[in-house]
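**Q** give me the fold of what follows.
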Amino acid sequence: MEAEGHHVIAVGGPKEALTEANASYFDLAFVDLRLGSESGIDLIGKLLAICPWIKCIVITAYASIDTAVEAMRRGAFDYLPKPFTHDQLSVFVRKVCEFKTLEQKVASLQERLKEFVPEAVIESRSPAMRRTLAMARQVADSEATILIRGESGTGKTILANAIHSWSSRSSKPFCSISCPTLSTELLESELFGHVKGSFTGALRDYAGRIAACEGGTLFLDEIGDLPLPIQAKLLRVLQEKVYERVGDLETRKANVRVLAATNVDLESAVKTGRFREDLFYRLNVIEIVIPPLKERREDIVSLAEGLLVFFARQNHRRILGFSDEASEALKNYEWPGNVRELRNAIERAVLLCSDDKIGIHHFPLKLKPLERMPGAGDLVTMEELERTHIRRVLAASRSIEEACRTLGMDSVTLWRKRKKYGL
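**A** Residues are numbered from 1 along each chain as shown. You can find the predicted model right below:
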């Protein structure tokens with residue numbers, strides 16, 4: 001197997017096997033059924049507890065249906081009876097290699113599908129965005145750590161996914177972690193893994209995301225919220241390419257490329273002591289800035305059209321495009337929520353539209369131009385005056401509760417008024 005280019009470690013018994021499995025990453029283990037006074041089938045469960053991804057092939061001269069079934073039940077990948085030829089061994093190794101590659105591709109696709117939205121097409125008419133994409137492509141195939149900056153909703157995760165797909169690691173997994181979503185303890189466990197019993201609730205060994213994306217890319221979203229104790233451990237991963245699981249003293253190698261994203265000012269966080277200066281410089285080897293949507297207005301309508309096609313197909317609607325008034329509203333709005341807000345607005349419009357074109361009345365109130373309030377010389381009905389005023393208050397309010405307070409009415413009354421006036 002070494003002659004065919006594989007890295008092979010041979011050990012004399014179960015204890016040595018577990019020691020090696022704790023220290024290094026293995027894809028495949030050949031396990032003899034009889035190991036002196038111990039059983040190879042028992043070793044399989046222990047190996048899988050340490051390395052859930054490892055494929056175990058049982059080899060034995062005591063071939064029988066019963067032992068094959070028991071080995072598979074315990075988690076063995078396959079069964080190889082003695083005596084076997086060199087060609088048979090090569091076939092098994094090749095089979096495992098192909099299976100592992102397929103597993104990694106599936107895991108990577110599943111991770112991407114969680115993040116998939118139709119705006120994931122990386123193209124732009126904006127000069128600023130084109131410069132961003134050109135830089136991303138230029139550095140994608142390097143091993144450099146990249147820090148992606150941009151406002152919330154600009155598509156930092158999508159760009160990170162694209163950088164991974166353009167890199168030489170594209171056939172390996174892409175894993176992402178949102179730093180603000182987990183407590184310090186859970187985030188540390190999710191990132192580095194843990195051993196059984198290391199904390200309350202640790203009922204079994206967990207490999208962690210670094211091990212899960214071995215050879216691939218680890219994306220840390222909103223890294224400005226990474227707790228200080230974990231920052232020190234991440235710095236060690238970036239500097240020395242090693243780490244330990246929670247509750248474990250074994251040092252493991254980390255073969256991952258790290259991409260990070262933030263929407264906060266990390267320089268200010270460094271000055272106030274909320275972010276380590278040495279980690280900041282390690283992360284900021286290459287900085288890529290995604291411009292907000294309001295600074296790339298050339299892309300708004302084309303992005304909206306792509307989203308329209310996607311959501312219309314997804315919801316089985318036959319919608320051909322936007323009215324002129326709707327297109328103008330899209331271009332003139334500031335989009336503080338960026339591409340994410342645009343996506344939500346288009347999805348809502350598709351669901352509400354029963355025509356062949358989306359009109360301005362299908363958009364949220366804040367996208368619509370406000371009517372001019374009647375002047376002193378304008379003669380209008382009280383209903384028209386009330387309708388205009390309620391609409392202006394709704395457009396300016398951050399929530400229904402805030403609108404109710406401004407208007408001096410309860411939520412039930414406001415609901416009835418909105419229904420009456422079609423708001």
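
**Q** from what I see, residue 2 and residue 8 are in contact.
**A** Yes - contact criterion C-beta atoms under 8 Å: residue 2 and residue 8 qualify, at 5.2 Å. Every C-beta, even on glycine, is put in place using the N, C-alpha and C of the backbone.

**Q** looking at these two, which one has more neighbours?
**A** Between residue 2 and residue 8, counted using other C-beta atoms under 10 Å, the more crowded position is residue 8 (11 against 7).

**Q** element containing that one?
**A** Here residue 8 is covered by no helix or strand, with elements defined by DSSP states H and E.

**Q** any idea how far residue 20 is from it?
**A** 11 Å (C-beta to C-beta, to the nearest Å).

**Q** go on, residue 275?
**A** Where residue 20 is concerned, residue 275 sits at a distance of 37 Å (C-beta to C-beta).

**Q** between these two, tell me which one has more neighbours.
**A** Legend: neighbour count by other C-beta under 10 Å for residue 275 and residue 20, higher for residue 275 (23 against 16).

**Q** please, which helix or strand holds that one?
**A** Residue 275 belongs to no helix or strand, assigned by DSSP H and E.

**Q** over to the spatially closest residue to residue 25 that is not a sequence neighbour. Which of the three states is it?
**A** Nearest non-adjacent residue to residue 25, counting by C-beta to C-beta, 6 or more residues apart in numbering: residue 214, 5.8 Å away. Classification of residue 214 by DSSP: H, G, I helix; E, B strand; the rest coil places it in coil.

**Q** and residue 214, how many neighbours?
**A** Neighbours of residue 214 (other C-beta under 10 Å): 19.

**Q** return the residues in contact with it.
**A** Residues near residue 214 by C-beta atoms under 8 Å, 6 or more residues apart in numbering: 25, 172, 173, 255, 256.

**Q** quote the end-to-end distance of stretch 391-408.
**A** 14 Å (C-alpha to C-alpha, to the nearest Å).

**Q** could you pull out the buried residues of it?
**A** In terms of neighbour count (16 or more other C-beta atoms under 10 Å), stretch 391-408 has its buried residues at 391, 393, 394, 395, 397, 403, 404, 407.

**Q** from those residues, which single one is nearest residue 154?
**A** If you rank the buried residues of stretch 391-408 by distance to residue 154 using C-beta to C-beta, residue 395 comes first, at 24.0 Å.

**Q** distance check, that closest one against residue 255.
**A** Applying C-beta to C-beta, the value for residue 395 to residue 255 is 52 Å.

**Q** can you check residue 397 too?
**A** The value you get for residue 397 to residue 255, if C-beta to C-beta is used, is 51 Å.

**Q** the residue sitting nearest the centre point of the chain and residue 213: what is the separation?
**A** By C-alpha atoms, centre = their mean, the chain has its centre lying nearest to residue 176, at 4.0 Å. Distance of residue 176 to residue 213, given as C-beta to C-beta: 9 Å.

**Q** what of residue 138?
**A** 23 Å.

**Q** now, which of the buried residues of stretch 391-408 sits nearest residue 349?
**A** Nearest to residue 349 among the buried residues of stretch 391-408, with distances taken as C-beta to C-beta, is residue 395, at 16.5 Å.

**Q** ok, that closest one touching residue 363?
**A** No - using C-beta under 8 Å, residue 395 is not in contact with residue 363; the gap is 11.2 Å.

**Q** could you pull out the strands for the stretch 101-250 of the chain?
**A** Ranges of strands in the stretch 101-250 of the chain, per DSSP state E, counting those that start in this stretch, are 146-149, 174-178, 217-221, 242-243.

**Q** could you dump the ones you listed into TSV with distance to residue 132 added?
**A** TSV is the format used below for these (distance: least, C-beta to C-beta, whole Å):
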stretch	distance to residue 132
strand 146-149	9
strand 174-178	19
strand 217-221	17
strand 242-243	31
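
**Q** which one of the ones you listed lies nearest to residue 284?
**A** strand 146-149 (4.8 Å).

**Q** pretty sure residue 221 sits against residue 176.
**A** Yes - counting by C-beta under 8 Å, residue 221 does reach residue 176; the two are 6.0 Å apart.

**Q** the closest residue to residue 204 other than its chain neighbours: neighbouring residues, count only.
**A** Among residues not flanking residue 204 along the chain, residue 196 sits closest, at 5.3 Å (C-beta to C-beta, 6+ apart). Per other C-beta under 10 Å, the neighbour tally for residue 196 reads 12.

**Q** distance of residue 196 from residue 50?
**A** Applying C-beta to C-beta to residue 196 and residue 50 gives a distance of 10 Å.

**Q** so what sits against both of the two?
**A** residue 205.

**Q** before we move on, back to that, tell me the least confident of the buried residues of stretch 391-408?
**A** Ranked by pLDDT, the buried residues of stretch 391-408 bottom out at residue 395 (70).

**Q** and the closest residue to it other than its chain neighbours, what pLDDT?
**A** The shortest distance from residue 395 to any residue that is not its chain neighbour, by C-beta to C-beta, 6+ apart, is 4.6 Å, and that residue is residue 365. Residue 365 carries a pLDDT value of 73.

**Q** so residue 365 makes contact with residue 392?
**A** No - counting by C-beta under 8 Å, residue 365 sits too far from residue 392 to count as a contact (9.1 Å).

**Q** residue contacts, residue 23?
**A** So residue 23 contacts 250, 251, 252 (C-beta under 8 Å, 6+ apart).

**Q** ranges for the helices of the stretch 51-200 of the chain?
**A** 65-73, 86-115, 127-140, 156-166, 184-192 (DSSP state H, counting those that start in this stretch).

**Q** and the fourth one with helix 127-140, angle?
**A** Here the directions of helix 156-166 and helix 127-140 differ by 40 degrees (axes from the mean of the first three to the mean of the last three C-alpha atoms, to 10 degrees).

**Q** and residue 127, how far from residue 291?
**A** On the measure of C-beta to C-beta, residue 127 and residue 291 end up 10 Å apart.

**Q** one step back: relative to residue 309, which of the buried residues of stretch 391-408 is nearest.
**A** Among these, and counting by C-beta to C-beta, the member closest to residue 309 is residue 395, at 28.3 Å.

**Q** give me the element the closest one is part of.
**A** helix 382-396.

**Q** helices or strands up against that helix?
**A** For helix 382-396, the packing partners by 3 or more C-beta pairs under 8 Å, 6 or more residues apart in numbering; DSSP states H and E come out as helix 400-407, helix 411-421.
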